[in-house]
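Trainee: Pasting a predicted model and its sequence here:
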Amino acid sequence: MVLKMNRLPSNRGNTLREVQLMNRLRHPNILRFMGVCVHQGQLHALTEYMNGGTLEQLLSSPEPLSWPVRLRLALDIAHGLRYLHAKGVFHRDLTSKNCLIRREDRSFTAVVGDFGLAEKIPVYREGERKEPLAVVGSPYWMAPEVLRGELYDEKADVFAFGIVLCELIARVPADPDYLPRTEDFGLDVAAFQTLVGDDCPLPFLLLAIHCCSMEPSARAPFTEITQHLEWILEHLPEPAPLTRAPLIHNQGSQSNKNETNHHLSTPYICGCYKYSEGRFRDTRGEWRVMRTRGKGGGCKRRVLA
């Protein structure tokens with residue numbers, strides 16, 4: 001077990017809320033709550049011990065991580081957040097520091113921890129006065145709408161997850177000195193793709209870009225994200241690469257107001273691997289095209305066109 005020390009009397013309220021929340025969460029990808037300890041009037045939480053440290057530490061280590069391993073770690077985190085959101089709660093401080101690793105031989109499992117800033121998912125009703133929630137979290141992972149002090153909800157967790165995916169894909173810290181960002185707090189897609197190796201599964205890259213969409217309503221919910229990651233894992237070819245970018249938004253008439261713009265389309269693989277393309281919205285909501293070309297067994301990819 002691990003004792004999470006609370007040294008600040010002013011933080012007692014957050015610790016109590018975290019303990020109350022963790023006590024009703026039971027999921028393989030959520031850090032397991034073991035109990036509480038009171039010492040000198042301070043409340044401390046007892047949690048399970050994770051022998052692999054944090055995801056941030058794993059990514060900065062020399063440990064080789066294959067694409068299936070990285071995808072499974074992403075799926076673990078997505079499953080944890082899907083469960084949390086289904087409970088009507090969102091995390092508000094998802095980072096690679098708060099994703100912990102359980103290591104067994106050469107396999108890894110990720111669990112989501114640190115629920116001190118978790119909050120009930122707000123419901124913003126039309127016509128009612130809307131007060132934004134407090135600006136909280138770790139700046140590198142915070143969604144643009146949070147940083148601007150606007151109304152925000154569980155889609156802020158999706159943006160943070162997108163930044164974690166970028167860390168997984170490029171193995172760089174979330175610090176903007178390493179992970180390129182735009183002046184309006186988005187992901188600099190063009191600069192980021194220069195950090196990504198040619199062996200990265202194309203749908204994995206596109207999913208990270210999608211989750212970092214500037215518009216919250218454009219980000220898919222974790223129910224769809226988990227299904228999408230499962231599909232990518234199931235169809236990871238050996239050795240042929242994935243050739244269809246499965247994130248396709250609003251291909252129908254733009255005048256159709258009932259059409260949602262965040263759903264992930266049904267993806268597929270073209271076994272011939274000659275030419276394929278997929279369309280998606282970048283972080284500024286602009287239409288972009290991703291193309292892949294292969295000739296004679298070789299692979300050349302141009303990400304943005």
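Mentor: Nice, thanks for sending it over. Residues are numbered from 1 along each chain as shown.
Trainee: what residue is smack in the middle of the chain?
Mentor: residue 161 (1.6 Å; C-alpha atoms, centre = their mean).
Trainee: Was I right to think that residue contacts residue 78?
Mentor: Yes: the criterion here is C-beta atoms under 8 Å, and residue 161 meets it with residue 78 at 6.8 Å. The way it works is simple: take the backbone N, C-alpha and C, and place the C-beta from them, glycine included.
Trainee: Next, show the common contact partners of the two.
Mentor: 222, 225 (C-beta atoms under 8 Å, 6 or more residues apart in numbering).
Trainee: in the helix or strand that contains residue 227, what's buried?
Mentor: Assigned by DSSP states H and E, residue 227 falls within helix 222-234. Buried residues in helix 222-234, defined by neighbour count with 16 or more other C-beta atoms under 10 Å: 222, 225-226, 228-229, 231-233.
Trainee: pLDDT and distance to residue 186 for these - can I get that in JSON lines?
Mentor: Below are those laid out as JSON lines (pLDDT from 0 to 100; distance: C-beta to C-beta, whole Å):
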{"residue": "222", "pLDDT": "98", "distance to residue 186": "20"}
{"residue": "225", "pLDDT": "98", "distance to residue 186": "19"}
{"residue": "226", "pLDDT": "98", "distance to residue 186": "24"}
{"residue": "228", "pLDDT": "98", "distance to residue 186": "21"}
{"residue": "229", "pLDDT": "98", "distance to residue 186": "22"}
{"residue": "231", "pLDDT": "97", "distance to residue 186": "26"}
{"residue": "232", "pLDDT": "97", "distance to residue 186": "23"}
{"residue": "233", "pLDDT": "97", "distance to residue 186": "27"}
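Trainee: Which of these sits closest to residue 72?
Mentor: residue 233 (6.8 Å; C-beta to C-beta).
Trainee: Give me the nearest residue to the closest one, chain neighbours excluded.
Mentor: In this structure, residue 233 finds its nearest non-sequential neighbour in residue 71, 5.1 Å apart by C-beta to C-beta, 6 or more residues apart in numbering.
Trainee: Assign residue 102 to helix, strand or coil.
Mentor: strand (DSSP: H, G, I helix; E, B strand; the rest coil).
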